[in-house]
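Asks: quick one: sequence and predicted model below, then my questions.
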Amino acid sequence: MKKLLFVYNANAGKAQIKTHLATIIDIFIKEGYDVTVRPTQKKLDAYEEIRSRAGEFDLVVCSGGDGTLNESVNGIIDSGTDTRLGYIPSGTVNDFAVSLGIPKDMPQAAEIAVTGREFPCDIGMFNGRNFNYVAAFGLFTEVSYSTSQQKKNIFGHLAYVMEGAKSLSSVMSYRLRIEHDGEVIEDDFIFGMVSNSMSIGGMKGFIGEVSLDDGLFEASFIRMPTTTTELNRTLKDLARQDENSEYFYTFRAKNIRITSEELVSWTLDGEFGGHVKNADIKCNNKAVTFITSGDVQPPR
């Protein structure tokens, strides 16, 4: 009999998983799986359980928010196995689930986890730490992407924060050296994002169509305005999501190195990623195989 490990965070989102738990397990069993269930009790429980036991199972399914998914992906990678991973989203925003074509409806997501198609997906690495879909720094990133406020257009929120600043001097900027594909740029930036997702905070990014398995990141950086005129132009370009704006630096790359003379605070998948001066960001092509609906395409 096929074996399935189901790891879930009962407290994710509005704790709706508790309502659907019996239905989800029944779906797994009817598909011929011998199911082992492990509710998490504390941070890193999902990681430790999957890292140590993934090789015992044909399929691992996790349920929770971005944090649980991040732990599960890290667990699969560090287990050294190629065990497939299903995902039942139960967090607040669940950007990555949208990118993978996984619905918010938990029983439907459970069906996909055991009957869907395999999709080998790229996974990011930030200074040796894996992340699923976004590494970011700068203005407003101290607020987790998974909080309810971030359901809104994150770039619209960024424009709001900038517009509400009393002066340009109150906007924090970082002098950065950005290296990728033999190209080097040095400038002052107020925000930066390296992602592998079709939407962040519920919206599409700056760089057109996105592929989750092409071995490339989409990177977007916003330069620090130096005059009131530049500030107003930046705000307009943010509102229009103008990827050709002279105030935005956007590109695709497999490896990116970002250095600064001061510590920069980063978030990884909406969680604190550390204060660092040097960030080495790498894209590991098709590192984890997810089970998806097969509808992995940009949202319309």
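Replies: That came in fine, so what should we check first?
Asks: pass me the low-pLDDT residue ranges in this protein, would you?
Replies: 13-14, 92-93, 140-170, 200-208, 295-300 (pLDDT under 70).
Asks: mind listing the strands for it?
Replies: Here the chain has its strands, by DSSP state E, at 2-8, 33-39, 59-64, 84-89, 117-126, 129-131, 134-138, 174-180, 183-195, 217-223, 248-253, 255-268, 271-292.
Asks: sheet partners, orientation included, of the shortest one?
Replies: Here the strand partners of strand 129-131, with direction, are listed using DSSP bridges: strand 117-126 (antiparallel).
Asks: for the partner strand, C-alpha coordinates in CSV please.
Replies: Only the C-alpha atoms of strand 117-126 are listed here, as CSV (Å, rounded to 0.1, in the frame of the first residue of the first chain):
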residue,chain,number,x,y,z
ARG,A,117,0.2,16.1,-11.8
GLU,A,118,3.8,16.3,-10.9
PHE,A,119,5.5,19.7,-11.3
PRO,A,120,9.2,20.0,-10.6
CYS,A,121,9.5,23.6,-9.3
ASP,A,122,12.4,26.0,-8.8
ILE,A,123,13.4,26.8,-5.2
GLY,A,124,15.5,29.8,-4.1
MET,A,125,18.4,29.8,-1.8
PHE,A,126,19.4,32.9,0.3
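Asks: list the buried residues of it.
Replies: Phe119, Cys121, Asp122, Ile123, Gly124, Met125, Phe126 (16 or more other C-beta atoms under 10 Å). From N, CA and C alone the C-beta is placed, and that goes for glycine too.
Asks: swap in stretch 258-275?
Replies: Ile258, Thr259, Ser260, Val264, Ser265, Trp266, Thr267, Leu268, Asp269, Gly270, Glu271, Gly273.
Asks: wait, doesn't the fourth one sit right on Ala279?
Replies: Which is Val264. Yes: assessed by C-beta atoms under 8 Å, Val264 is found in contact with Ala279 at 7.3 Å.
Asks: before I go, just wanted to say thanks for your time.
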